[in-house]
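Q: need a 3D model of the sequence below.
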Amino acid sequence: MSYSPPRPTGQAERKVRVLTGLLAVAALVAALVALWQTQSTPLARRTYCWGAWTEGSGPFRDGGRERAAEESVPTRERPRGHCVLSWRGGRGAGAYEQRIEVRLGTGPRDAEGRRDWVGGLFAGGDRALPGLLPGFTADGSGALVLPESCDVGGRPSVVTLTSSFTDAADRGSHPGFPDDSSPSRTGELLVRVANRATEATRCSSAPSLRLRPEPPLSSPPPAPDTSDTPAGRCAIPGLGEDAAGEHLTDTVGGGAGDDLQSCAVSGGDDGRPAARFTMVGRPRIVALFDGLTGASAPAPGWRGRGRIDAAGALVRAECGGRPTVFAMRVGPGRTHTRLDDPRHAFPAFVDAMAARIGCAPLRGR
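A: Sure thing, here's the model as predicted:
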């Protein structure tokens, strides 16, 4: 006599079908998650520059194609890195090639190499990041100093960003971005990648940096009275008056009362810089110049420490109780006039900057 198990009722059959369906759905979800984690499907967005930017964000606002990336990610044990991105965008006459380079480092140890490195950070005409952030930008370039806890070997860690695009119309290379070359956009990208640098190296527990716009001043600081002296280049009386025939242009960054002011004077058809001037009072940026000014006054009758010679000038002094740096560098577009001779142009620059920020005179009259 054989035994046959009872056939499941209709309700039991429905339970079996539901359970089988749930298991199938769970398997499908697990497979999709695995694909997403390996970034082998369009469900995952690729990240760039140490995870600072993803596709569709950051510098990729208007899309792009044929992207290429080369990265060296900073770590706690190796707190330096770089990232190079390039891609194409636009169509027809509006086509362009874009390139962005980001670096994290501290610069050379030796004074001469460090002096050149720090000078290269300032393009001339740089504008300070708002909210007292320790950084600055120009069209398509910028630098941001990380917190003191991120120093390496006593030297501040700096994130730098440079960008350029090649226009299809004239195949010339230009700084910035084809749709928006404003320093504010460069600043946004710079702050994002600086935050990723601190996260990757785990060097700071401070809140993430944020790029907040400066509130408007209720009453701007009064400008120095120069009514009896004609304004020269960089709004400095007398600067460049003997180089009027050199087809000069100047790019000014910062305004009255700012703790970072700069100016670049360029001449000739190629627009190469003749001279670059910088004044900075933000402590973390000033720290970049540590060890570069020596222990002596730059010239008789000056206060502070530094040097002034035919190749450039660098002076550090107290202004309103805080260290402030004044610098001048000459460039390949020199006019060989008093404009780009630091022994003549730099004292005029220092006098004007000190008056604008309310600093006591640095040299005797």
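Q: where does the chain dip in pLDDT?
A: The chain contains residues with pLDDT under 70 at 1-44, 61-64, 180-181, 213-231, 244-246, 254-257, 268-270, 365.
Q: what residues go with each domain of it?
A: 47-201, 233-357 (automatic domain parsing).
Q: in stretch 292-305, what's buried?
A: By neighbour count on 16 or more other CB atoms under 10 Å, the buried set for stretch 292-305 is 292-293, 297-298, 302, 304-305. For glycine as for every other residue, the C-beta is placed from the backbone atoms N, C-alpha and C.
Q: go on, stretch 273-284?
A: So, applying 16+ other CB under 10 Å, buried residues of stretch 273-284: 273-282, 284.
Q: same deal with stretch 191-211?
A: Within stretch 191-211, the residues scored as buried using 16+ other CB under 10 Å are 191-198, 200-201, 203-204, 209, 211.
Q: so what secondary structure elements neighbour the helix or strand containing Asp250?
A: Per DSSP states H and E: Asp250 is located in strand 249-253. Packing partners of strand 249-253 (3 or more CB pairs under 8 Å, 6 or more residues apart in numbering; DSSP states H and E): strand 260-267.
Q: and the next helix or strand past the strand it packs on?
A: Next element after strand 260-267 (DSSP H and E): strand 272-280.
Q: partner strands of that next one and their direction?
A: strand 260-267 (antiparallel), strand 322-330 (antiparallel) (DSSP bridges).
Q: most widely separated two among the buried residues of stretch 273-284?
A: Using CB to CB, the buried residues of stretch 273-284 span at most 29.3 Å, a distance reached by Ala274 and Arg284.
Q: need the helices for the stretch 51-200 of the chain, in chain order.
A: 111-121, 183-201 (DSSP state H, counting those that start in this stretch).
Q: ok now do Asp351, which residues does it touch?
A: Counting by CB atoms under 8 Å, 6 or more residues apart in numbering, Asp351 makes contact with 361-363.
Q: quick one: which of those residues has the most company?
A: Leu362 (23 neighbours; other CB atoms under 10 Å).
Q: next, it: phi, psi?
A: phi -90, psi -10 (degrees, to the nearest 10).
Q: wait, it sits on Gly306?
A: No: in this structure Leu362 lies outside contact range of Gly306 using CB atoms under 8 Å: 9.6 Å.
Q: shared neighbours of the two, anything?
A: Counting by CB under 8 Å, 6+ apart, the residues touching both Leu362 and Gly306 are 315, 326.
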